[in-house]
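*Asks:* Provide a 3D model corresponding to the input given below.
(chains A, B, C and D)
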2 protein chains.
Amino acid sequence: MSKKRVTLKFLSERTGFDVSTISRVLRNDAAVSIRPENMELIKRIAREFNYVPDTAARSLRSSRSYSIGTVLPSLQNQIHAQIVEGASRVCRERGYSLVIAHLANEISPQQVVGDLINHNRIEGLMSLTFRPELREMVNSGDHEIPVMAVNWRASGFRNYVALDERPGARMATEHLLDLGHRRIAHLSGDRRRFNAAERFAGYQDALDARGIAVDPALIEVAGYGYEEGFRAMSALVARSPGAFTAVFAVSLLTAAGAIAVMNRHGIRVPEDVSVVGFNDGMLAEVTNPTITTVAYPLDQVGASAAEGMISLLEGRLETYQDVIGAPKLMRRSSTAEPARPRAIRTGSRQQISKNTAS
Amino acid sequence: MSKKRVTLKFLSERTGFDVSTISRVLRNDAAVSIRPENMELIKRIAREFNYVPDTAARSLRSSRSYSIGTVLPSLQNQIHAQIVEGASRVCRERGYSLVIAHLANEISPQQVVGDLINHNRIEGLMSLTFRPELREMVNSGDHEIPVMAVNWRASGFRNYVALDERPGARMATEHLLDLGHRRIAHLSGDRRRFNAAERFAGYQDALDARGIAVDPALIEVAGYGYEEGFRAMSALVARSPGAFTAVFAVSLLTAAGAIAVMNRHGIRVPEDVSVVGFNDGMLAEVTNPTITTVAYPLDQVGASAAEGMISLLEGRLETYQDVIGAPKLMRRSSTAEPARPRAIRTGSRQQISKNTAS
DNA sequence: ATGAAAGCGCTAACAT
DNA sequence: ATGTTAGCGCTTTCAT
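*Replies:* Numbering: from 1, shown residues only, chains lettered A, B, ... in the order given. Here you go, the predicted structure:
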């Protein structure tokens, strides 16, 4: 508290204008009518003295908190971490506070969201996790606040930012096709949900375009986590051993889980089976082998969500939808050409081969 | 805005007491003198109507923002994500907002911290990244705010929460010794900094206790990242091939980088060389092999830091230090007994062996 | 043991 | 084209 804070009153004394006038000018209030020269003067002086409006005072008067809440399962998921980074950057730039809450086991989502609303006074909620019940939870409270689905969609949610996942899934599958693979398995998510359905559709698109039929025996429902990938791949290997030379996994962690299974079974990646994941992250570069993925600008998802939410809060928009595309293939060492046709033609089981030092 | 907000005025009308009296009671103000029965009455009514003080009004009047800033290099580092989770939980529970800012390349730390202070009006700053210059940055502004070093220490920082790393490093090294290893390399950090120095000291402690001399040829300065681990291990393998059967890496990512190098060189982990990392994370379970680590309760580090910061802000404490211990060994598949003495006694080079399906 | 009153810095409705 | 005024909900002297 060494120097004194610059307030409207101070600027008023400096410029001779009333605080209300200055307030209007600095907020670019449409209801302002002032001579351009005076407007410039006020803005110049405000800049000069580094005026920043007091958030508390502004909040009190305008019944706004300038803070936005985010719920997510865990920050430890790098996909979510990337999204949050984008959102937090935008919020900081715009003078909003992004308040993060993770849904730990020891506390109910109701409690978490309630705290966010009552204590932190968030004006809007972004959810990175599929939670259709969130709307009711939020709106059962004293006042309604906008909810934004981030990285997912569901009916009833008018505000969302999602990836255009179908082309990315197609891209991943086509990468495998281009390498020469024809028997491509898919570890999917729960296809009743939007994301998993889209990724499956992209997988189909790619196969269709090459006239290859989707083989139900090569589809296994997994989920987005490492454990799910592990379980699903175990099932697939047990069920259809040697029936595929490549796998498109519904997420990066799923791919990692699948690779772990193959390592245990002596199935070499990529020599015996190629694996490609969906969504990129640091993990893809630190595993052995490194994992080929389809990368989306995830921080942009968070940034867009925050921008959209702010537009909603400031009344510039009624609803907000954004779909982010531009996936890129990150080619790494989990994908390669399939083994010589011999192995495929004979229909032999996945060979349990000795690893050779590379 | 469907229901009306419960304010002190409302409670005043309900109970017949003045707002000031109620304010004092609900804040447990020491300067209160009220009959116990009335005190109970007021508290009961407040509970009944779910009274929550308005943060904005309180902030305006008391010149407090109830928000705390955190700077960190990236949320994608799982170590940091865990710490942030702990801190954000405590902040939410206490009605504080935790505002996170990551230090991206495109923007200066000064700018980030400035935004946090001026726009978000943070009352305190927690830094998860070693930045001795942070104090000057923060204090060059209009008013001083407390700064807390989280997960590091440096002279001049009176507020910190750090791990008691030395015993953990010793534990990691002893695990290798217990397995029968004698030639244990260490990929260290910059030992002029506290953390790296402590981990090195723990490594020394373990060797000393067994009467084994520290061999400078087996020490390589790496750093905490994957790339650093990769580089350092490459150097070590080139410099002292076959001279060690185990490695204690200064971090989990460093361990992962080291393992990647060994994979490339055909050095099997753990058959030829065992690896143990420091600090646990999801990564340790999804790599191949999974990585043995020493785990600390990192969310507790964040939680303690937040608690401490709040105590500072509320004037209950002048300074805050906490050192978190209780490391646990997470035994996974990157560590095993060393190969038969034969290999060691002959002093042969690290054998480039064929992998056998396991 | 409790109440009255002022005011934090800002915004918005209402003047001129 | 600009000023006056009345609070937002709370905390904090200062009075009883």
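*Asks:* need the helices for the stretch 251-358 of chain A, in chain order.
*Replies:* Secondary structure of the stretch 251-358 of chain A (DSSP state H, counting those that start in this stretch): helices located at A:252-264, A:283-286, A:298-313, A:341-345.
*Asks:* which residues sit against the longest one?
*Replies:* With Cβ atoms under 8 Å, 6 or more residues apart in numbering or on different chains as the test, helix A:298-313 has contacts from A:64, A:68, A:79, A:82-91, A:94, A:96, A:98, A:123-124, A:126, A:146, A:148, A:150-151, A:159, A:161-163, A:279-280, A:317-320, A:322, A:324. C-beta here means a position set from N, CA and C on the backbone, and glycine is covered the same way.
*Asks:* these in helices, which ones?
*Replies:* Those of these mapping onto helices are A:79, A:82-91, A:94, per DSSP state H.
*Asks:* can you select the buried ones from the residues you listed in PyMOL?
*Replies:* Per 16 or more other Cβ atoms under 10 Å in any protein chain shown, the buried members of those correspond to this PyMOL selection:
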select buried, chain A and resi 79+82+83+84+85+86+87+88+89+90+91
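*Asks:* sorry, back to before: chain B next: which of the contacts of helix A:298-313 are close?
*Replies:* A:82, A:84-85, A:88-89, A:98 (Cβ under 8 Å from any Cβ of the partner chain).
*Asks:* nearest to DNA strand C, of those residues?
*Replies:* In terms of Cβ to the nearest atom of the strand, no member of those lies closer to DNA strand C than A:Leu98, at 20.5 Å.
*Asks:* contacts only, for the residue lying closest to the closest one once chain neighbours are set aside.
*Replies:* Spatial nearest neighbour of A:Leu98, chain neighbours left out: A:Cys91 (4.1 Å); criterion: Cβ to Cβ, 6 or more residues apart in numbering or on different chains. By Cβ under 8 Å, 6+ apart, the contact list for A:Cys91 reads A:68, A:97-98, A:306, A:310.
*Asks:* pretty sure A:Met262 is touching A:Val269, no?
*Replies:* Yes: shown here, A:Met262 and A:Val269 form a contact pair, counting by Cβ atoms under 8 Å, at 5.5 Å.
*Asks:* overlap in contacts of those two?
*Replies:* Residues touching both A:Met262 and A:Val269 (Cβ under 8 Å, 6+ apart) are A:Val275.
*Asks:* what about these two, which has more around it?
*Replies:* With neighbours defined as other Cβ atoms under 10 Å in any protein chain shown, A:Met262 and A:Val269 compare such that A:Val269 has more, 25 against 21.
*Asks:* what about the residue of the stretch 201-350 of chain A found nearest chain B, distance to A:Ala339?
*Replies:* Here the stretch 201-350 of chain A gets closest to chain B at one residue, A:Gly266, 3.3 Å apart by Cβ to the nearest Cβ. As judged by Cβ to Cβ, to the nearest Å, A:Gly266 and A:Ala339 stand 14 Å apart.
*Asks:* so the residue of the stretch 201-350 of chain A closest to chain B versus B:Arg193, what's the distance?
*Replies:* Distance of A:Gly266 to B:Arg193, computed by Cβ to Cβ: 43 Å.
*Asks:* got it, and A:Ala104?
*Replies:* 32 Å.
*Asks:* please apply the same query to A:Thr21.
*Replies:* Using Cβ to Cβ, A:Thr21 is found at 53 Å from B:Arg193.
*Asks:* more neighbours: those two, which one.
*Replies:* Set A:Thr21 next to B:Arg193 and count neighbours by other Cβ under 10 Å: A:Thr21 wins out with 21 against 14.
*Asks:* is the more buried one in contact with A:Ile34, as I believe?
*Replies:* Yes: at 6.7 Å, A:Thr21 counts as touching A:Ile34 under the criterion of Cβ under 8 Å.
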